[in-house]
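Novice: no letters, just coordinates:
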Ligand SMILES: Cc1cc2nc3c(=O)[nH]c(=O)nc-3n(C[C@H](O)[C@H](O)[C@H](O)COP(=O)(O)OP(=O)(O)OC[C@H]3O[C@@H](n4cnc5c(N)ncnc54)[C@H](O)[C@@H]3O)c2cc1C
């Protein structure tokens, strides 16, 4: 057993970290105020191969492992978890198309997705179904030319901003086997968007409802086989959960790094506050939480890469464990900054707000426990 990153993996992490330090971190606070990530950022990330991290090389992707991808998300989140998480969603969709799509669908979308001239949103949740995603009601009815979609998707990251939407919709009966996945272009007739959601965190990236009102798409936009959409959506989420956990990890690490620097400077009672043993113990506890998170996350990624039978449980466990540890660490860092932690300029309160949603989306942490428990009992 070898726990060390390879030279190549270290280089991937360093490259993502350097990009984040130079091109994301200096703008993160402004982008959150603007509620917009400039679209020019994406092709620049794609130049590093981040548009299709684990899309196969045959399809123009980087063909990296899921473990490699977690390194990218960890590193980019040290600059801004909201930006990194958006990239994760695009990657999740691109990989779904690469893995399951017809040659025609791959040809139509993947080339531009790899350069991130086209970026994707993932549309599963509806106003009436979140955790119980298989209860979704959006319909995709067969026509001579393809499908007509009707329904509403809620909470869509990148809604009204992305170029194409991977939509899970019902083509058959109730239940997961009646669900198919389709790709809907931004320009499609019958596609519209709700207002911008006013959120606690992830404010740099827009969240809107995606509304489909007799929206026609050609048959070639069916992703894979009819009736398999829910399976594809869940497969996508296994890796998505690793990425989200990595986003919590990177953001929490950056908060801890900032806190160490701050505590060396800040004085109280005649000495730097890092000299108080009570606070040193808190630093040690945070370090332990992050080291444990990192090891656990990478093990889960390795399980997914190697097709381990319990990979799904490990992705769920890692998502729950790391997202909660990440939020605890950031909250602890905020406390160690005193009043300054509460001010936007210090960058810690943003992380506390950004990370909170990682316990809710890509399956809530209650649903993660459900997945783990099911694996234990059956
Ligand atoms: C900022 C943001 C961005 C998002 N982006 C996307 C996106 O891009 N695409 C997308 O498809 N979705 C997205 N979502 C939606 C997200 O995935 C859902 O909010 C999430 O799955 C929970 O669904 P819900 O909000 O309907 O909560 P509900 O399912 O109504 O759950 C409410 C509460 O009940 C708990 N609960 C439900 N069922 C059980 C159970 N069986 N046992 C125990 N507890 C249970 C939940 O854990 C939760 O605490 C986003 C959400 C947010 C906030």
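Specialist: Arrived safely, thanks for sending. These numbers come from a predicted model, not from an experiment. Numbers count the residues shown, from 1 in each chain.

Novice: where does the chain dip in pLDDT?
Specialist: Residues of the chain meeting the criterion pLDDT under 70: none.

Novice: try 80 this time
Specialist: Along the chain, segments meeting pLDDT under 80 span 378.

Novice: got the residues of the stretch 151-300 of the chain near the ligand?
Specialist: 155, 156, 157, 199, 202, 207 (Cβ under 6 Å from any ligand atom). Every residue, glycine included, has its C-beta placed from N, CA and C.

Novice: report the secondary structure state of the closest residue to the last one other than its chain neighbours.
Specialist: This points to residue 207. Distances taken as Cβ to Cβ, 6 or more residues apart in numbering put residue 197 closest to residue 207, at 4.2 Å, once the chain neighbours are dropped. With DSSP: H, G, I helix; E, B strand; the rest coil as the basis, residue 197 sits in coil.

Novice: do the one 5 residues further on as well
Specialist: Secondary structure of residue 202, reduced to three states by three-state DSSP: coil.

Novice: helix or strand for the nearest residue to it once chain neighbours are set aside, which one?
Specialist: Closest residue to residue 202 apart from its sequence neighbours, by Cβ to Cβ, 6+ apart: residue 82 at 4.6 Å. In this structure, residue 82 sits in helix 81-100 according to DSSP states H and E.

Novice: what's downstream of that helix, the next helix or strand?
Specialist: Counting by DSSP H and E, the next helix or strand C-terminal to helix 81-100 is helix 103-114.

Novice: still on that earlier bit, what about the residue nearest to residue 202, distance to residue 9?
Specialist: Relative to residue 9, residue 82 is positioned 25 Å away (Cβ to Cβ, to the nearest Å).

Novice: who has more neighbours, the two?
Specialist: Counting neighbours by other Cβ atoms under 10 Å for residue 82 and for residue 9 shows that residue 82 has the greater number, 28 against 17.

Novice: the more buried one touches residue 199, doesn't it?
Specialist: No - under the criterion of Cβ atoms under 8 Å, residue 82 is not in contact with residue 199, lying 9.8 Å apart.

Novice: show me where the stretch 101-250 of the chain has strands.
Specialist: With DSSP state E, counting those that start in this stretch, the ranges of strands along the stretch 101-250 of the chain come out as 120-123, 139-142, 146-157, 164-170, 179-185, 191-193, 207-218, 222-223.

Novice: er, the stretch 251-378 of the chain actually
Specialist: Assigned by DSSP E, counting those that start in this stretch, the stretch 251-378 of the chain shows strands spanning 267-268, 271-272.

Novice: okay, now the sheet partners of the last one, with direction.
Specialist: Here strand 271-272 is paired, per DSSP bridges, with strand 267-268 (antiparallel).

Novice: and the contacts of the partner strand?
Specialist: residue 273 (Cβ atoms under 8 Å, 6 or more residues apart in numbering).

Novice: now it, how far from the chain's geometric center?
Specialist: Relative to its parent chain, strand 267-268 has a centroid offset of 39 Å by Cα atoms, centre = their mean, to the nearest Å.

Novice: how about stretch 302-310?
Specialist: Taking mean C-alpha positions (Cα atoms, centre = their mean), stretch 302-310 and its chain are 20 Å apart.

Novice: and for stretch 166-184?
Specialist: Centroid separation between stretch 166-184 and its chain, computed with Cα atoms, centre = their mean, is 22 Å.

Novice: buried ones in that stretch, by neighbour count?
Specialist: Buried residues in stretch 166-184, counted by 16 or more other Cβ atoms under 10 Å: 166-171, 176, 178-184.

Novice: stretch 78-87 now?
Specialist: 78, 79, 80, 81, 82, 83, 84, 85, 86, 87.

Novice: turn the residues you listed into a markdown table, including distance to the ligand.
Specialist: Listed next are the buried residues of stretch 78-87 as a markdown table, based on distance: Cβ to the nearest ligand atom, whole Å:
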| residue | distance to the ligand |
| --- | --- |
| 78 | 21 |
| 79 | 19 |
| 80 | 15 |
| 81 | 12 |
| 82 | 9 |
| 83 | 14 |
| 84 | 14 |
| 85 | 9 |
| 86 | 9 |
| 87 | 13 |
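
Novice: farthest pair within those?
Specialist: Within those, two members stand farthest from each other by Cβ to Cβ: 78 and 86, at 15.5 Å.
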